[in-house]
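Engineer: all I have is the shape, not the residue letters:
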């Protein structure tokens, strides 16, 4: 690559883009860690995008109608930190850049949305940016249709590398974006031919252009170092309104550095001599972290480019009717309407009396039937299990190319893509997404579910068929360890409601979250209503509570969740008949119980009696409740699964695996 | 679809393929559950494949040189059960077919490899069959190169549906198969336009033909009900030896049934009248589960087609030198050479004296350097983190189109595809696969890791950078809940070795498994050798053991794994200095400790002393060891992570999160 030719062809552009390169080189060298090559290689694309196209106002990073910029190749975090510092972001200051990758700094190794308002999402796990961006773009389409082009009218731009494109989730994202004609989504592929292990061709020879086209994308191929070509491609991409756009940018990783076009260039370039040589080649003469004033001011001007547009937008917003303004502001803020509580209460009251026997997946549908009309920001969906997950209610309509107001998404057989896109919708704001699959396929969605927790995204994962109660489909479809997987994940609420009442309470809590995702673990099989006495209070919010008190001396406490609460209650009957006073504690949400004060926890789980937990899942994690906070000899047991399930009717499986009232009663007696 | 035209065009073929249709309809109706449409739609393809091409001998399903048949669309399990029963498999009898989806039957809802020898793998979680099949095909290439075409010379055939192709992992598989030119891999796409939620077009409009071509596949499009076209396509696919083949088979789901070409046709067709009508349309006149004798005998002949070929193969095998025969038989049986133990012991002896300070990922490489030469069946690899996972040793060579003997695979950024393909290699036999990524990306590989456990596949997952010790890359890359995730999974050994000695022991155990996968959780950061006194015995095989005994009265027991053992030992020094007798227990493998008898567990963890566990991860699951098997007042604590990590140098993180010797000592004292 002839750097001089590049410099000479567009000298101003070169200097401005090289500000990113220099900051990257300096920050990585100071941290002695990080990824230098990508920001250096993609500086030209980023410069053109941010200075000419990206709609943003650096001083107002939360402006609702900004374009969204997603750095899917999150290891190149110095690209976005450089851009933010240069354009005048108030949070990513020069000090932050100098503290790249240090404790307490906003400039983490990979971009974190919780560290700066202008960082739209947390990236790093490859492919997630692409997959989330689909949700950002869908949210824009939905909100534009719902609230009008005057207040919602923006693009979503993504920078992705070969790693992103090799991850399977990218194919799910490509398919969704292509199917739904997301014309406002523009993806830049940093086509630099390099991965950590070597040339891309070492492990992949996929024709990415053909692949994107196969999924319905508009594709352009350009020289990623030619600012005119970059500009023209973005202009062209924006003109295509019925297809997502991919711009394949041929670039040189670590451009101008000794490590250019090599795997070494992907990582931390810390050799002082080589770095000095690179700067010389770039024609960069100022000291470390020093940006010439005229370049900085040019960038700041780029950062304030959108200010007038934002003001115009505010005027347009103010011109809307008060009702429309209030609704737009409410959904963008994540505030939940007061009516949510009242419809939940009404449903609880009605059904604690009616006491229906329904599967909690069906109960969930009954809840959504009353919630969706009052919570107009919800968008439901399923990964091709709509009839099984019971996620579609009557009034939603189907999101499609010709129905952007549709509130239900057929995600296809793409659990991972769905979960990521839901997070993207949530991060965009204005949407409360929920989506379903089988609980066992938590596995497929895991990387996105973790990111929901890390990003503080209140996505709701509706996971049905949550145990061996799924029956004949067998062990591949029967979750065993999946409750433990979700419970072990920080900042995640895992609900396993026992009946319609707890299901309603769980939904109320899940839809009231602003920083925490929820997993709803729901049954395939019918369950009786166990909460037949109506209470206005949301008992599920306490995490666990006494569902049935012991009669006589309290000798045993049965702890259960979901479908096993019914079994615990029947076991209690057996034990009480033998004079063994037995309390039943329903534990729909461990995390919320853990969050109660110790006094409450001890009231629910006093130290004396034998404790037996019942859950048709792995024991893993239960010892916290079997043995925790006990002052005396602790006798405890577990009735559940010791290995994988099997294929047979559900009732047979419960019996064969010994998860029965008799089994629980016998376990208690063996411990007394 | 004109059924009569199909019947008349190929009357004999029609009757034979309809035997599959009728068995499917009967079995699903009897079970009142299952998936009828796919076997009915793909019966023609399966009939041609199994009767004319698939190399197998029904009476010898374990014949090493058989073709492998993978039903990736595992919900259509009645397809393979029908084929096995019809061709005379000894395990899938008519009684088994009649007991479809019932407790104890071999004919589970989805095919399970542990239920019948002729079932190559467990399918059901969509996309896994495709992704595993890549490993099967790679194993064949490697073994053919290694042992000769006389004894290894077969194909891998896969049937996949739209669900398989929409799952992201399919893209990873396509990329790997295309890159490595797996010419013996032939995939049939059941192109029936239907998913559970509706037409495929509801959620996907990907041009699959273009997509496969983009990844380097040879593609044909045929009428999936035309036996001549099917035959010709298979012949053509087999002629293409340098590219994997995809045959797009246009089919009608539930062909000839009232539910044909509808989503309803995907599921259980149980309406008696409609089923009778379908059989009438098919011209099928015998009663439920009755196969006309001439059809059954034709199928049995197809099943014995390969007998002569198998005998010829046995002659060829017997003609090999004794040494070559013995080696082939050994690797196919999964037997480990005795030399494994001796090289491990020698390495332990040498290093317990030398006591190097190395990261366990580096220790792992040192182990592999001595193991790979004696365990010639290993195939290593990494998902584009070779230099970080330390999975490549000097003598392996790189698997490639022109080097099929290469024992190292550059998998690309495809953790999921790698894990699936490794399972496929293992299931094929003759290969012991291991592969690396970062521990946090366990998430990406989860569905395949679970399937390894369920299928009893001894795959080894090398998961490095296993805690906040990863440092600056930050919370996206720092595992917190991932030890819990793997430990909660049945039939999985999770090793977190504390030093090179335990790492060597872990590898010895992992490579000796025949039915259990292993996860090796390894550090990025250097660790001292803590096992400085050589023992021939493999202490890791006990799961946990006393590493340092208390001096004086034993008041505390510290439990630790991996990188935190060093911290526990330092905490012990602090506590002993204050006269607090402290034992340190290293727990490299919980599962193996759990498998010890109670007496041993109680010797290691006697009831009296305060217990404090130290692990730079979530506490979830630790209460089992903090409170389990204790007769008296149990005081226990945990020093570890309470939420996600952060981006900073590793030492800073350990200090900021309080995972230090001082922190552990303070925790003990607070409990005394």
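Structural biologist: Yes, it's here. Computed from a prediction, not measured in an experiment: that's the story for all the values here.
Engineer: contacts and neighbour counts: CA atoms only from here.
Structural biologist: Fine.
Engineer: and for the helix or strand of chain A with the lowest mean pLDDT, what are the contacting residues?
Structural biologist: Between all helices and strands in chain A, the lowest mean by mean pLDDT, DSSP states H and E belongs to helix A:623-627, at a mean of 93. Contact with helix A:623-627 is made by A:611, A:612, A:613, A:634, A:635, A:636, A:637, B:621, B:623, B:624, B:627, B:628, as judged by Cα atoms under 8 Å, 6 or more residues apart in numbering or on different chains.
Engineer: among those residues, which has the minimum pLDDT value?
Structural biologist: In terms of pLDDT, the lowest of the contacts of helix A:623-627 is residue A:634, showing 74.
Engineer: that's a strand at that one, yeah?
Structural biologist: No: Residue A:634: not assigned to a strand; according to DSSP: H, G, I helix; E, B strand; the rest coil it is coil.
Engineer: sorry, back to before: tell me the one among the contacts of helix A:623-627 nearest to residue A:367.
Structural biologist: The nearest member of these to residue A:367, counting by Cα to Cα, is residue A:613 at 28.0 Å.
Engineer: residues contacting the strand or helix carrying the closest one, please?
Structural biologist: Using DSSP states H and E, residue A:613 falls within strand A:610-618. Strand A:610-618 is contacted from outside by A:467-468, A:479-481, A:483-484, A:555-562, A:564-565, A:568, A:622, A:626, A:634-643, A:659, A:664, A:667-668, A:671-672, B:488, using Cα under 8 Å, 6+ apart.
Engineer: now stretch A:510-517
Structural biologist: A:334-336, A:432, A:449, A:452-453, A:455-461, A:491-493, A:518.
Engineer: give me the number of residues near the residue of chain A found nearest chain B?
Structural biologist: In chain A, no residue comes nearer to chain B than residue A:168, which is 3.8 Å away by Cα to the nearest Cα. Using other Cα atoms under 10 Å in any protein chain shown, residue A:168 has 29 neighbouring residues.
Engineer: what's the answer for the one 10 residues further on, then?
Structural biologist: When neighbours are defined as other Cα under 10 Å, residue A:178 has 27 of them.
Engineer: give me the nearest residue to it, chain neighbours excluded.
Structural biologist: residue A:216 (4.7 Å; Cα to Cα, 6 or more residues apart in numbering or on different chains).
Engineer: now which of the contacts of strand A:610-618 would you call buried?
Structural biologist: A:467-468, A:479-481, A:483-484, A:555-562, A:564-565, A:568, A:622, A:626, A:634-643, A:659, A:664, A:667-668, B:488 (16 or more other Cα atoms under 10 Å in any protein chain shown).
Engineer: inside strands: which ones of the residues you listed?
Structural biologist: A:555, A:556, A:557, A:558, A:559, A:560, A:636, A:637, A:638, A:639, A:640, A:641 (DSSP state E).
Engineer: so which of those are also by chain B?
Structural biologist: Among these, proximity to chain B is found for none (Cα under 8 Å from any Cα of the partner chain).
Engineer: got the contact list for residue A:261?
Structural biologist: Per Cα under 8 Å, 6+ apart, neighbours of residue A:261: A:192, A:193, A:194, A:252, A:253, A:254, A:255.
Engineer: please redo it, this time with the cut-off set to 10 Å
Structural biologist: Counting by Cα atoms under 10 Å, 6 or more residues apart in numbering or on different chains, residue A:261 makes contact with A:1, A:37, A:41, A:192-194, A:198-199, A:251-255.
Engineer: swap in residue A:398?
Structural biologist: A:379, A:380, A:381, A:392, A:404, A:405, A:406, A:407, A:408, A:409, A:410.
Engineer: would you point out the most distant pair within these?
Structural biologist: A:392 and A:404 (16.4 Å).
Engineer: which of those two has more neighbours?
Structural biologist: Shown here are residue A:392 and residue A:404; by other Cα under 10 Å, residue A:392 has more neighbours (25 against 20).
Engineer: shouldn't the more buried one be within a strand?
Structural biologist: No: counting by three-state DSSP, residue A:392 is not found in a strand; it is coil.
Engineer: and the stretch 451-600 of chain A, which residues reach chain B?
Structural biologist: Within reach of chain B by Cα under 10 Å from any Cα of the partner chain, the stretch 451-600 of chain A has these residues: A:451, A:453-455, A:471-477, A:480-491.
Engineer: in helices only, show me the residues you listed.
Structural biologist: Among these, the members found in helices (DSSP state H) are A:451, A:453, A:454, A:455, A:482, A:483, A:484, A:485, A:486, A:487, A:488.
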